[in-house]
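> based on what follows, work out the 3D shape:
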Amino acid sequence: MELRFTKMHGLGNDFVVVDDTDAAIDLTPDAVAWLCDRNFGIGADGLILVRPPHGSDAEFSWGFFNADGSVAEMCGNGIRCLAKYVVDRGMVPSDADTLRVETAGGVRRIALTRDAEGALEFATVDMGEPVLAPADVPTTLPGDRVVGVPLPTDLGEVHVTCVSMGNPHTVIWVDDVDTAPVETLGPLIENDPAFPNRTNVEFARAFDDGCIELRVWERGVGETLACGTGACATLVAAVLGERIAGRAATVQVPGGELAIRWSEEDGRVYLTGPAAEVFTGLVQVADEDG
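Predicted structure coming up:
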């Protein structure tokens, strides 16, 4: 099967994006993993299929897959890439200032900011309300909310805060993000039995000026240059743990900056950031029978 694709990224968190508005593409997990492989495929942190909505009032839905071929519920950087993809290709009206995308985590509303030529410059995504009930994150850790709860690991005990932004996140506060044990502790926590669906893991440090430094170990991917849902979950954890004043922060990830706000009025989290197109191409994907 010949597949036309576009390589895109949000602050270095990169994706293979494919137009599936005819809902005709069915990729196996192995095919997704091959496409995302940086040595033998195109190379990406995930793959996005742009699809028609499934009965909602959204303009589009998507299929979102991690680099290992597993399905993910939500991705803040990925959904901005989808927005840029459809806006820049004229798949939405030229005067549209909002876009709705149906995801496994619910319909997400995106405010569009265009440049003088009409291309998407940046997007503000309504990421929804954070989920804090342990059973819904999900995690088996105790409490009505998991905020600063001890979690034993093979590398020692850590204190974690658990938040779902449509996908599970576990936030750990560290003294130095640069030296945090992301590649060793990250996979241990991702696969800990306390997280039935596995978890993304955030290593964060908050500063008095309202800035948060962040590195993320993504479930099914590994460390990435940016993670939109992870930045949102970390801001929520910072507010719950009283590590910042107010309910907004600039989150500094290795790939750049995201602006995150947890609204006191409606309880929803809003993420603002850019998206970029890198290149387009054609790739031959082997049929399942080889």
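> between the two ends of stretch 203-211, what distance do you get?
14 Å (C-alpha to C-alpha, to the nearest Å).
> what sits up against that stretch?
By C-beta atoms under 8 Å, 6 or more residues apart in numbering, the surrounding residues in contact with stretch 203-211 are 171-177, 180-182, 185-186, 212-217, 234, 237-238, 243-246, 248-252. C-beta here means a position set from N, CA and C on the backbone, and glycine is covered the same way.
> which ChimeraX command selects the buried ones in those residues?
The buried residues among the contacts of stretch 203-211 can be selected in ChimeraX (16 or more other C-beta atoms under 10 Å) with this line:
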select :171,172,173,174,177,180,182,185,186,212,213,214,215,216,217,234,237,238,243,244,249,250,251,252
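> narrow the contacts of stretch 203-211 to those in helices?
Residues of those located in helices (DSSP state H): 182, 185-186, 234, 237-238.
> redo those as JSON lines? Include distance to Arg80.
Output for the ones in helices among the contacts of stretch 203-211, formatted as JSON lines (distance: C-beta to C-beta, whole Å):
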{"residue": "Val182", "distance to Arg80": "23"}
{"residue": "Leu185", "distance to Arg80": "28"}
{"residue": "Gly186", "distance to Arg80": "24"}
{"residue": "Thr234", "distance to Arg80": "18"}
{"residue": "Ala237", "distance to Arg80": "22"}
{"residue": "Ala238", "distance to Arg80": "22"}
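> ok, of those, which one's closest to Ala259?
Proximity of these to Ala259 was ranked by C-beta to C-beta; the top entry is Thr234 with 13.0 Å.
> grab the nearest non-local neighbour of Ser263.
In space, Ser263 comes closest to Tyr270 once its chain neighbours are excluded; the distance is 6.6 Å by C-beta to C-beta, 6 or more residues apart in numbering.
> check Gly69 too.
Pro29 (3.0 Å).
> same question, Val71
Ranked by C-beta to C-beta, 6+ apart and with sequence neighbours excluded, the top spatial neighbour of Val71 is Phe65, at 6.0 Å.
> hmm, back to that, for the residue nearest to Gly69, phi and psi?
Main-chain torsions, Pro29, degrees, to the nearest 10: phi -60, psi -40.
> mind checking how far it is from Gly105?
As judged by C-beta to C-beta, to the nearest Å, Pro29 and Gly105 stand 20 Å apart.
> quick one: the helices in the stretch 1-150 of the chain, in order.
Ranges of helices in the stretch 1-150 of the chain, per DSSP state H, counting those that start in this stretch, are 29-36, 76-88.
> nearest to Ala111, out of those helices?
For Ala111, the closest of the helices of the stretch 1-150 of the chain is helix 76-88, at 9.5 Å, according to C-beta to C-beta.
> for the residue nearest to Gly69, give me the pLDDT.
Pro29 carries a pLDDT value of 97.
> and what of Ile189?
Reading off the confidence values, Ile189 has pLDDT 99.
> hey, what's Gln284 bridged with?
Counting by DSSP bridges, Gln284 is bridged to Glu2.
> that older thread, just the helices of the stretch 1-150 of the chain: most buried one?
Stretch with highest mean neighbour count among those: helix 76-88 (a mean of 26; mean count of other C-beta atoms under 10 Å).
> send me that helix as PDB with only the CA atoms.
Output of helix 76-88 as PDB, limited to C-alpha atoms (Å, rounded to 0.1, in the frame of the first residue of the first chain):
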ATOM      1  CA  GLY A  76      -1.600  18.100  22.900                       C
ATOM      2  CA  ASN A  77       1.300  18.500  20.400                       C
ATOM      3  CA  GLY A  78      -0.200  16.100  18.000                       C
ATOM      4  CA  ILE A  79      -3.600  17.800  17.900                       C
ATOM      5  CA  ARG A  80      -1.900  21.100  17.100                       C
ATOM      6  CA  CYS A  81      -0.200  19.400  14.200                       C
ATOM      7  CA  LEU A  82      -3.600  18.100  13.000                       C
ATOM      8  CA  ALA A  83      -5.000  21.600  13.200                       C
ATOM      9  CA  LYS A  84      -2.100  23.000  11.100                       C
ATOM     10  CA  TYR A  85      -2.500  20.200   8.600                       C
ATOM     11  CA  VAL A  86      -6.100  20.800   7.900                       C
ATOM     12  CA  VAL A  87      -5.900  24.700   8.100                       C
ATOM     13  CA  ASP A  88      -2.900  25.000   5.800                       C
END
